[in-house]
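A.B. asks: just a sequence and a predicted model for now, questions to come.
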Amino acid sequence: MNMDPASEEKIIKSILNGKTDDFTLIIKEYKDKAYSLVKKILKNEFDAEETLQDAFLKAFNSLGSFRGDSKFSTWLYRIVYNEAMTRLSSKNKKIEALSVSIDEEIEMFECRQISDYEISDAAELLNKLIAGLPPKYSAALNLFYQEGFSYDEIADIMGIALSNVKIILHRSRKALKDVIIKKNLQKELV
Amino acid sequence: MKHISDETANKILDGEIDLHKNSQISEHINNCAECRSMINVYITIEDALKNQSGIYAPENILDATMKKIKLARKRNKQNINIALNKTYSVIFMLIVSAIGAFIIAAPLKIEVNLSSEERLISFIKNLSINFYGIVAGDLFRAGVAFLFIISAYLIYDINKSFIEKAKKIISR
């Protein structure tokens, strides 16, 4: 079920006029999609849940600043994405040994043991493969394929240049392709 | 022709290269099993990504978030109330100081032996003396009173948008 922009605008106005409980309609509409994005970035259910709650709280508090220049979903996802990245960087600061470059992450991703991917279900295999990608890569894949955002919208959400969105998507697909060929997983994926 | 690069394969997936219009590439794909296999893997990945089933958020997320929002609003209202009260207090104190400065523009001379009615008349008379005193030239004290009033107004004016916003948030 997708909410049309007119209903969204009505709900936002009503929330700004004091009907706080109407924010539940926004949460209901976006909770699953936003949770999917956050979980792909943080790769941890507990952190994803906490971060999503904080992101919704932030969205509620800054609802008055939504001018309608972009789609509401783009605006909301920008908040969710930033919140997840902030949580991720604070986690990485705590565990400095784990903070490696994206190239190193890709290398690690390609060198994983085949046993990591011995899964019966194709969807599960794909989820595992995506979970192994660097957070920015899995986020871009999620926004493009699951949420159907355009390159421009993804650039807006992630706060990066349009050309970088293309590079990230190309490199994610290539990383997935390389690991699938290397581990001979084509059949499992179909 | 060289093998198809990953970049070209991605461009084909993105629709930036149309195979119907680019016979050289499409011919190569038809004749080269390696490149065909690579393109097929890319297509399989793309299809799998498109058809990926969504992840569902935990059931309690709605209630937990609304609880968090309500708690944060309550705290926010309390903080805003405190800030609002502080602003009003400063404005009030400045106004009181201005009145005080005006009243003591000339020392009051209240006779102890007078009845309460006469004391009141004497007080009003002194006030008018103060007023005439200001007009006549007690400009320093009048200036102090004026500064207090101006400060009160400026503090109100600077915080006007905050006061209005605060009132709105509190009334929500």
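C.D. replies: Looks like it came in fine. None of these values were measured; they are calculated from a predicted model.
A.B. asks: drop to CA atoms for contacts and neighbour counts, all remaining ones
C.D. replies: Will do.
A.B. asks: any idea of the pLDDT on residue A:152?
C.D. replies: Per-residue pLDDT puts residue A:152 at 94.
A.B. asks: one more: the one 3 residues further on?
C.D. replies: pLDDT recorded at residue A:155 is 96.
A.B. asks: one more: the one 5 residues further on?
C.D. replies: If you check residue A:160, the pLDDT there is 94.
A.B. asks: that one: neighbouring residues, count only.
C.D. replies: Burial measure for residue A:160: 12 neighbouring residues, criterion other Cα atoms under 10 Å in any protein chain shown.
A.B. asks: for chain A, what lies in contact range of chain B?
C.D. replies: Counting by Cα under 8 Å from any Cα of the partner chain, the residues of chain A lying close to chain B are A:17-19, A:21, A:24, A:27-28, A:31-33, A:35-36, A:49, A:53-54, A:56-57, A:60, A:123, A:126, A:141, A:145-146, A:170, A:173-174, A:176-177, A:180-181, A:186, A:189-190.
A.B. asks: show me how to select, in ChimeraX, the buried members of those.
C.D. replies: Typed into ChimeraX, the line below selects the buried ones among those, using 16 or more other Cα atoms under 10 Å in any protein chain shown:
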select /A:24,27,31,32,33,35,36,49,53,54,56,57,60,123,126,141,145,146,170,173,174,176,177,180,186,189
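A.B. asks: so which of the residues of chain A next to chain B are in helices?
C.D. replies: Secondary structure assignment (DSSP state H) places A:24, A:27-28, A:31-33, A:35-36, A:49, A:53-54, A:56-57, A:60, A:123, A:126, A:141, A:170, A:173-174, A:176-177, A:180-181, A:186, A:189 from the residues of chain A next to chain B within helices.
A.B. asks: how about the helices in chain B?
C.D. replies: With DSSP H as the definition, chain B shows helices at residue ranges B:6-14, B:23-31, B:33-50, B:61-103, B:116-136, B:139-158, B:160-171.
A.B. asks: who are the packing partners of the longest one?
C.D. replies: Read that as helix B:61-103. Using 3 or more Cα pairs under 8 Å, 6 or more residues apart in numbering or on different chains; DSSP states H and E as the contact criterion, the secondary-structure elements in contact with helix B:61-103 are helix A:23-42, helix A:45-61, helix B:116-136, helix B:139-158, helix B:160-171.
A.B. asks: hey, what's the angle from it to helix A:23-42? Just curious.
C.D. replies: 110 degrees (axes from the mean of the first three to the mean of the last three Cα atoms, to 10 degrees).
A.B. asks: show me where the chain dips below the pLDDT cut-off.
C.D. replies: No chain specified, so I'll use chain A. Counting by pLDDT under 70, chain A has low-confidence residues at A:1-2, A:93-120, A:189-190.
A.B. asks: wait, chain B was what I had in mind.
C.D. replies: Within chain B, the ranges that satisfy pLDDT under 70 run B:1, B:102-113, B:126-141, B:169-172.
A.B. asks: roughly how far does the residue lying farthest from the centre of it sit from chain A?
C.D. replies: Among residues of chain B, the one most distant from the C-alpha centroid is residue B:31; the distance is 63.3 Å, by Cα atoms, centre = their mean. Taken as Cα to the nearest Cα, to the nearest Å, the spacing of residue B:31 relative to chain A amounts to 20 Å.
A.B. asks: closest point of chain A to chain B, which residue?
C.D. replies: Of all residues in chain A, the one sitting closest to chain B is residue A:18 (4.4 Å; Cα to the nearest Cα).
A.B. asks: spatially central residue for chain A, please.
C.D. replies: With the centre of chain A defined as its mean C-alpha position, the nearest residue by Cα atoms, centre = their mean is residue A:37, 2.7 Å away.
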